[in-house]
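*Asks:* Got a predicted structure plus its sequence, pasted below:
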Amino acid sequence: MSTSPQERRGATRVDANLKLQVQLPEGAAASLETINISSSGLYFRSDRFMEPMTKLALELEVGVPDGDGTALVPCEGLVVRTLPEAPAEGVEAYEVAVFFTHIAADAKATLERHIAMLLG
(Lines give C-alpha, C1' and ligand atoms only; values in the text may rest on other atoms or scores of the structure.)
Protein backbone atom coordinates (compact mmCIF):
# COMPACT_ATOMS: atom_id res chain seq x y z
CA MET A 1 0.00 0.00 0.00
CA SER A 2 1.37 3.40 -0.99
CA THR A 3 1.60 6.16 1.59
CA SER A 4 2.08 9.00 -0.90
CA PRO A 5 -0.88 11.30 -1.50
CA GLN A 6 -2.64 10.78 -4.80
CA GLU A 7 -3.14 13.75 -7.11
CA ARG A 8 -6.88 14.46 -7.40
CA ARG A 9 -6.74 17.36 -9.83
CA GLY A 10 -7.88 16.64 -13.36
CA ALA A 11 -5.74 19.39 -14.90
CA THR A 12 -1.94 19.59 -14.94
CA ARG A 13 -0.65 22.32 -12.65
CA VAL A 14 2.58 24.16 -13.55
CA ASP A 15 4.65 26.77 -11.74
CA ALA A 16 4.17 30.11 -13.46
CA ASN A 17 4.79 33.69 -12.39
CA LEU A 18 2.28 35.50 -14.59
CA LYS A 19 0.83 38.97 -14.30
CA LEU A 20 -2.66 38.75 -12.85
CA GLN A 21 -5.35 41.42 -12.58
CA VAL A 22 -8.02 40.69 -9.97
CA GLN A 23 -11.30 42.57 -9.71
CA LEU A 24 -12.70 42.15 -6.21
CA PRO A 25 -16.44 42.15 -5.47
CA GLU A 26 -16.33 45.50 -3.65
CA GLY A 27 -14.89 47.12 -6.78
CA ALA A 28 -11.24 47.22 -5.77
CA ALA A 29 -8.66 45.94 -8.25
CA ALA A 30 -5.26 44.44 -7.59
CA SER A 31 -2.24 43.66 -9.77
CA LEU A 32 -0.74 40.41 -8.54
CA GLU A 33 1.37 37.49 -9.74
CA THR A 34 0.50 33.82 -9.95
CA ILE A 35 2.37 31.02 -8.17
CA ASN A 36 1.03 28.27 -10.41
CA ILE A 37 -1.70 27.69 -12.98
CA SER A 38 -3.75 24.97 -14.64
CA SER A 39 -6.55 24.99 -17.17
CA SER A 40 -9.03 24.77 -14.27
CA GLY A 41 -7.64 27.32 -11.82
CA LEU A 42 -4.73 29.22 -10.37
CA TYR A 43 -2.85 29.93 -7.17
CA PHE A 44 -1.53 33.37 -6.24
CA ARG A 45 -0.27 35.54 -3.38
CA SER A 46 -2.25 38.53 -2.15
CA ASP A 47 -1.60 41.11 0.56
CA ARG A 48 -5.27 40.91 1.53
CA PHE A 49 -7.34 38.05 2.89
CA MET A 50 -9.94 36.63 0.49
CA GLU A 51 -12.82 34.70 1.97
CA PRO A 52 -13.47 31.26 0.44
CA MET A 53 -16.43 31.27 -1.95
CA THR A 54 -15.65 34.86 -3.03
CA LYS A 55 -16.31 35.43 -6.74
CA LEU A 56 -13.50 37.14 -8.65
CA ALA A 57 -13.07 38.55 -12.14
CA LEU A 58 -9.54 37.73 -13.33
CA GLU A 59 -7.27 38.47 -16.26
CA LEU A 60 -4.01 36.58 -16.83
CA GLU A 61 -1.24 37.71 -19.15
CA VAL A 62 0.34 34.68 -20.83
CA GLY A 63 3.15 34.26 -23.32
CA VAL A 64 2.20 33.27 -26.85
CA PRO A 65 3.94 30.17 -28.27
CA ASP A 66 5.84 30.82 -31.51
CA GLY A 67 5.87 34.55 -30.86
CA ASP A 68 7.29 37.37 -28.83
CA GLY A 69 3.99 38.74 -27.61
CA THR A 70 1.52 38.07 -24.87
CA ALA A 71 -2.20 37.37 -24.74
CA LEU A 72 -4.78 38.23 -22.12
CA VAL A 73 -6.93 35.45 -20.68
CA PRO A 74 -10.07 36.86 -19.03
CA CYS A 75 -11.98 34.52 -16.73
CA GLU A 76 -14.07 34.33 -13.59
CA GLY A 77 -13.33 32.21 -10.57
CA LEU A 78 -14.27 31.25 -7.07
CA VAL A 79 -11.86 31.34 -4.12
CA VAL A 80 -11.67 27.76 -2.82
CA ARG A 81 -8.87 28.14 -0.27
CA THR A 82 -6.88 30.88 1.44
CA LEU A 83 -3.83 30.32 3.65
CA PRO A 84 -3.72 31.34 6.43
CA GLU A 85 -7.40 30.44 6.76
CA ALA A 86 -8.37 33.66 8.56
CA PRO A 87 -7.23 37.29 8.56
CA ALA A 88 -4.35 37.75 10.98
CA GLU A 89 -2.18 40.59 12.23
CA GLY A 90 1.31 40.64 10.78
CA VAL A 91 0.55 38.43 7.77
CA GLU A 92 2.34 39.92 4.78
CA ALA A 93 0.85 37.60 2.17
CA TYR A 94 -2.02 35.17 1.81
CA GLU A 95 -1.94 32.29 -0.67
CA VAL A 96 -5.21 32.06 -2.58
CA ALA A 97 -6.48 29.13 -4.68
CA VAL A 98 -9.12 29.89 -7.32
CA PHE A 99 -11.23 27.49 -9.38
CA PHE A 100 -12.37 28.87 -12.74
CA THR A 101 -16.15 29.13 -12.97
CA HIS A 102 -16.18 30.73 -16.42
CA ILE A 103 -13.54 30.90 -19.12
CA ALA A 104 -14.44 31.31 -22.79
CA ALA A 105 -13.34 28.50 -25.11
CA ASP A 106 -10.79 30.67 -26.95
CA ALA A 107 -9.34 31.98 -23.68
CA LYS A 108 -9.07 28.43 -22.32
CA ALA A 109 -7.32 27.33 -25.53
CA THR A 110 -4.83 30.19 -25.14
CA LEU A 111 -4.18 29.20 -21.52
CA GLU A 112 -3.75 25.52 -22.48
CA ARG A 113 -1.24 26.46 -25.21
CA HIS A 114 0.73 28.47 -22.66
CA ILE A 115 0.72 25.55 -20.20
CA ALA A 116 1.88 23.18 -22.96
CA MET A 117 4.68 25.63 -23.79
CA LEU A 118 5.80 25.65 -20.13
CA LEU A 119 5.74 21.85 -19.99
CA GLY A 120 7.45 21.52 -23.38
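*Replies:* Nice, I can see it.
*Asks:* so the most centrally placed residue in the chain bridges to which residues?
*Replies:* With distances taken as C-alpha atoms, centre = their mean, residue 42 lies nearest the centre of the chain, 2.2 Å away. Beta-bridge partners recorded for residue 42 (DSSP bridges): residue 37, residue 98.
*Asks:* From what I see, it and residue 60 are in contact.
*Replies:* Yes - in terms of C-beta atoms under 8 Å, residue 42 counts as a neighbour of residue 60; the distance is 7.2 Å. Any C-beta I mention is one placed from the backbone N, CA and C, and that applies to glycine too.
*Asks:* Give the full set of residues in contact with the residue nearest to the centre of the chain.
*Replies:* The contact partners of residue 42, by C-beta atoms under 8 Å, 6 or more residues apart in numbering, come to 20, 34, 35, 36, 58, 60, 77, 97, 98, 100.
*Asks:* Tabulate those residues (TSV), appending neighbour count, distance to residue 49 and pLDDT.
*Replies:* TSV is the format used below for the contacts of residue 42 (neighbours: other C-beta atoms under 10 Å; distance: C-beta to C-beta, whole Å; pLDDT from 0 to 100):
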residue	neighbour count	distance to residue 49	pLDDT
20	22	17	96
34	20	18	96
35	18	17	96
36	16	20	96
58	21	17	97
60	24	22	96
77	22	16	97
97	19	13	97
98	27	14	98
100	20	21	97
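*Asks:* Switch the residues you listed over to a markdown table, and while doing so, append distance to residue 14 to every line.
*Replies:* What follows is the contacts of residue 42, written out as a markdown table (distance: C-beta to C-beta, whole Å):
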| residue | distance to residue 14 |
| --- | --- |
| 20 | 15 |
| 34 | 10 |
| 35 | 10 |
| 36 | 6 |
| 58 | 17 |
| 60 | 13 |
| 77 | 17 |
| 97 | 15 |
| 98 | 15 |
| 100 | 15 |
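*Asks:* Which strands or helices does the longest strand anywhere in the chain pack on?
*Replies:* The longest strand of the chain (DSSP state E) is strand 70-83. Packing contacts for strand 70-83, counted by 3 or more C-beta pairs under 8 Å, 6 or more residues apart in numbering; DSSP states H and E, involve strand 41-46, strand 55-63, strand 94-102, helix 105-119.
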